[in-house]
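A.B. asks: sequence? don't have it. structure:
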């Protein structure tokens, strides 16, 4: 049970290929959580543990991990960048207190960065900005800072300046302390020296430092008064001002570096501790009634209050379903019963685990501020609230986007058909932006999702993870047909079957009816006497063929 002031729940979000997973990998190395750095392009990154992620070198589902930096506990969620998996970013930001927005030094502010930034604004998440990949050709730190202002309409507060550009990039200047952090070329993030600012950067450093103090001094009146009288605040006071403004979303501390080359990440981690809020400093989550109307009460982050937890993600792995929970208030203990306010049913808490990508550590209990996973929940879905049965309450639910593209699939054989239903059921629970429907007219199973890549990966997961072989096609358009003129026809049925055999002859007339009248069956006996028991069988035979078209 760590002191809540030492908690930081943060997410890492950005456009595809800005370096989120690489940055997460460096954070895990620096905090001692892993000993060897795995690269995304080798399929060895810790948080990209799905086969599909390793092959494609992209993040598909958000992964959670916990690590410690200078006695502070970081619960980190690494999120995907592709627009197809944007729901993962949305639901992660919903339960986090702070974020690191990563921007590519040469790509700048890209379309998905804008979407994710907007999500973070909607969720009112405080952020620090990290401009990555400054070792790349065409990288320009100052251009990206300008883009953050122009494109995102945000106020970047420059905390570090790059030393050298492109392949000459060697380190960063900490504007506050007026010190230069220089790394050698060994690739070890710990091989750095702290020196005086290079002579050619002194003027620049002073200019940006003055701008920084100008921007933050007005957070506290007493600091502002002294500053206007010509007294410069000390570093601790400046940090206090930056922290207050960052939590109020007035500005966003901006750092720079190159995660791949292991330069600059330590200062980002210090920035997370210094400027991002702990769980108690964030606006508490509003509670709502079952219709979704706010009740005016809030889930205050406090371990002594009644339990309030939000299920924000369900992941199916080889050991069963994992339900990820953000605990807003109270304690969650093994063996206790909690109420799911959405279903009105009680759930028993079996095993509680702390996740490190796909590895897990068993816990006996968790408290307000924690992000944990629980095994064996039966009826809990994304967005459901778990609470103390004596003090029920519902947290504001999540809103998910509607699917935009669909795909038809059919099982290859009967064995696949049975497995397919179970597998799709699990996949729908994991991903609320993935829908499955059966087309009434064509009888096809239709998958609906957020984009081609999204559905492509779902089919891949069906085949590899669940072992269901399916045939993929484009969804058919279901045309409806009707007859246009009267037709008279006859049919003779003969079947010899070792006994007396079967024989029957039928004459029939089909005529178009009035539009909207549907199917009407009449039996007119002409010559011979057809027993009444046969009529329903004939009607059923005609009826069964009505659903099958021939022309389209």
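C.D. replies: Structure's in. What do you need? Everything quoted here is computed from the prediction, not taken from an experiment.
A.B. asks: next structured bit after the helix or strand of the chain with the lowest mean pLDDT?
C.D. replies: Ranked by mean pLDDT, DSSP states H and E, the weakest helix or strand in the chain is helix 51-56, scoring a mean of 71. Per DSSP states H and E, the first helix or strand lying C-terminal to helix 51-56 is strand 63-69.
A.B. asks: need the contact list for residue 274.
C.D. replies: 239, 242-243 (Cβ atoms under 8 Å, 6 or more residues apart in numbering). Every C-beta, even on glycine, is put in place using the N, C-alpha and C of the backbone.
A.B. asks: Got the phi and psi for residue 22?
C.D. replies: Dihedral angles of residue 22 (phi, psi; degrees, to the nearest 10) stand at phi -60, psi -40.
A.B. asks: which residues does residue 470 contact?
C.D. replies: So residue 470 contacts 409-412, 416, 420, 459, 462-463 (Cβ under 8 Å, 6+ apart).
A.B. asks: filter these to the buried ones?
C.D. replies: Neighbour-count burial (16 or more other Cβ atoms under 10 Å) is assigned, among those, to 409, 411, 416, 420, 462.
A.B. asks: JSON lines for those residues, including distance to residue 432 and pLDDT?
C.D. replies: Converted to JSON lines, these look like this (distance: Cβ to Cβ, whole Å; pLDDT from 0 to 100):
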{"residue": "409", "distance to residue 432": "20", "pLDDT": "87"}
{"residue": "411", "distance to residue 432": "24", "pLDDT": "84"}
{"residue": "416", "distance to residue 432": "25", "pLDDT": "81"}
{"residue": "420", "distance to residue 432": "20", "pLDDT": "87"}
{"residue": "462", "distance to residue 432": "18", "pLDDT": "86"}
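A.B. asks: for the residues you listed, which one is nearest residue 375?
C.D. replies: residue 462 (23.5 Å; Cβ to Cβ).
A.B. asks: The closest one is in what secondary structure piece?
C.D. replies: Short version, using DSSP H and E: residue 462 is in helix 452-464.
A.B. asks: which other residues reach that helix?
C.D. replies: In this structure, residues lying in contact with helix 452-464 by Cβ under 8 Å, 6+ apart are 51-52, 60, 82, 84-85, 405-407, 409, 420, 423-424, 427, 433-434, 447, 449, 468-470, 472.
A.B. asks: Show me those residues that map onto helices.
C.D. replies: 51-52, 420, 423-424, 427 (DSSP state H).
A.B. asks: Give the buried subset of those residues as a PyMOL selection command.
C.D. replies: PyMOL command restricting the ones in helices among the contacts of helix 452-464 to the buried ones, with burial defined by 16+ other Cβ under 10 Å:
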select buried, resi 52+420+423+424+427
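A.B. asks: And for the closest residue to residue 367 other than its chain neighbours, the neighbour number?
C.D. replies: Residue nearest to residue 367 in three dimensions, not counting chain neighbours: residue 303, with 4.2 Å by Cβ to Cβ, 6 or more residues apart in numbering. Other residues near residue 303 come to 17 when the count uses other Cβ atoms under 10 Å.
A.B. asks: what do you get for residue 483?
C.D. replies: There are 10 residues near residue 483, going by other Cβ under 10 Å.
A.B. asks: Where does the prediction get shaky in the stretch 201-350 of the chain?
C.D. replies: 291-292, 318-319 (pLDDT under 70).
A.B. asks: swap the cut-off to 80 and go again
C.D. replies: 289-293, 316-321 (pLDDT under 80).
A.B. asks: Tell me which stretches of the stretch 101-250 of the chain form helices.
C.D. replies: Ranges of helices within the stretch 101-250 of the chain are 111-122, 141-152, 202-216, 221-228, 235-247, based on DSSP state H, counting those that start in this stretch.
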